[in-house]
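Q: this is the structure alone, sequence omitted:
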């Protein structure tokens, strides 16, 4: 490997694992504490910030939210898989836009791919039908990748 996952330093290997967390659920009250104004976000541990950070994708790209650290610690306590997120290169991706909420552990580049897709396709106030078709296809692809890797790879 060029950059082992456990290596410390400036450059890190972005893993390719996608894990669907079917049993994970974020209560609405806890979600509201995160101060995220939309129903889609990604959370990562940042070595630069020295804490967890949250971003939500929208028409302007990936916008950073001021994530209260206490809320993140309570979220991590609900699922041990989150404690193992690889700093800077993996994220918890939350999709609460539909009736069924989905949560994934994904490589950070997938989060920015989603943010770029939304930024490029967003039209008007609600985004338009094209962006929502693209978002659906994005999450369909994640589900397939997670299924191929097994439920908790």
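A: Sure thing, it's come through. Since the model is a prediction, treat every value here as computed from it, not as a measurement.
Q: off-centre distance for the longest helix along the chain?
A: Assignment by DSSP state H gives helix 128-149 as the longest helix of the chain. When C-alpha coordinates are averaged (Cα atoms, centre = their mean, to the nearest Å), helix 128-149 and its chain have centres 13 Å apart.
Q: on the three-state scheme, the residue nearest the centre of the chain is what?
A: By Cα atoms, centre = their mean, the chain has its centre lying nearest to residue 93, at 2.0 Å. Of the three states, residue 93 takes strand under DSSP: H, G, I helix; E, B strand; the rest coil.
Q: that one touches residue 106, doesn't it?
A: Yes - between residue 93 and residue 106 there is a contact under Cβ atoms under 8 Å: 4.9 Å. (Each C-beta comes from the backbone N, C-alpha and C, glycine too.)
Q: which residues are in contact with each of these two?
A: By Cβ atoms under 8 Å, 6 or more residues apart in numbering, residue 93 and residue 106 have these common neighbours: 42, 142.
Q: distance of residue 50 from residue 66?
A: Going from residue 50 to residue 66 by Cβ to Cβ, to the nearest Å gives 14 Å.
Q: list the contacts of residue 145.
A: Contacts here follow Cβ under 8 Å, 6+ apart; on that basis residue 145 touches residue 18.
Q: gap between it and residue 73?
A: Taking Cβ to Cβ, one finds residue 145 at 29 Å from residue 73.
Q: poorly predicted segments of the chain, please.
A: Counting by pLDDT under 70, the chain shows low-confidence ranges at 1-10, 149-153.
Q: and the helices in it, which stretches?
A: Going by DSSP H, the chain shows helices at 28-33, 69-78, 80-83, 108-121, 128-149.
Q: looking at these, which is nearest to residue 14?
A: Comparing the helices of the chain by their distance to residue 14 (Cβ to Cβ), the top pick is helix 108-121, with 5.5 Å.
Q: tell me the helices and strands packed up against the closest one.
A: Using 3 or more Cβ pairs under 8 Å, 6 or more residues apart in numbering; DSSP states H and E, the elements in contact with helix 108-121 are strand 40-46, strand 51-58, strand 61-65, strand 90-95, helix 128-149.
Q: now the angle from that helix to strand 51-58?
A: Per axes from the mean of the first three to the mean of the last three Cα atoms, to 10 degrees, the angle that helix 108-121 makes with strand 51-58 is 30 degrees.
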